[in-house]
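>>> this one's sequence-less:
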C-alpha cells in the first residue's frame, strides 16, 4: 500500500470504520499524510501572519485560515482514531486498550509509558493470518480452517 492509496483508504473507504485491521503501511502512510497536511496549514498560517498587521486584531485572511485549519483537523481526527484502533486490531489487541492508554496520558509519568506502549504497538508487525478482528490485511486470501 502506498501513500495515496493509504490516504484514500483511510479518508474515503474507511472514514469511521473501527472494525477490521490496518496494516503498518496503511497506518504510517496515513500518519505521514496527516502530519504533512497540518504542517502545510501551519506554514500557510505563518506566511499570512508574516504579511499581516495585528493592530486591529486578527486579520480576516488569517482568521479564515485558522477556521479552515480547524475544520481540516476536525475532519481528519476521526479517521486518525479509527486507523489507530484498526492498527491495534492488527496486533490482536482490543481498541479499548487505545482508549485506556489515551486516558493514561493524563497521569504524570504514566503518560510517557503509555506513549511508548502505543508507539511499540504501532511499530510491531501484525499477527499473521486471521485473528478475532478479521483477515490479515497483507494476505487476505490466507484463511484458516477453523473447523478442520
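Arrived safely. Computed from a predicted model, the values in this text were never measured in an experiment. Numbering: from 1, shown residues only.

>>> Going by C-alpha atoms from here, please, whenever you check contacts or count neighbours.
Fine.

>>> Let's verify residue 125: helix, strand, or coil?
coil (DSSP: H, G, I helix; E, B strand; the rest coil).

>>> is it true that it touches residue 25?
No - if you go by C-alpha atoms under 8 Å, residue 125 and residue 25 don't touch, sitting 10.0 Å apart.

>>> Give me the most central residue, this protein.
Here the mean C-alpha position of the chain is nearest to the C-alpha of residue 80 (C-alpha atoms, centre = their mean), at a distance of 2.8 Å.

>>> and it, what are its phi and psi?
Backbone dihedrals for residue 80, given as degrees, to the nearest 10, come out at phi -70, psi -40.

>>> In contact with it, which residues?
Each residue near residue 80 by C-alpha atoms under 8 Å, 6 or more residues apart in numbering is listed here: 10, 30, 31.

>>> With residue 46 as the reference, measure out to it.
In this structure, residue 80 and residue 46 are 25 Å apart, going by C-alpha to C-alpha, to the nearest Å.

>>> again with residue 116
From residue 116 to residue 46 the distance is 31 Å (C-alpha to C-alpha).

>>> The residue of the chain positioned farthest from its centre in helix, strand or coil?
Within the chain, the residue lying farthest from the chain centre (C-alpha atoms, centre = their mean) is residue 55, at 38.3 Å. Secondary structure assignment for residue 55 (three-state DSSP): coil.

>>> Give me the pLDDT for it.
Confidence at residue 55, expressed as pLDDT, is 79.

>>> Show the pLDDT at residue 147.
51.
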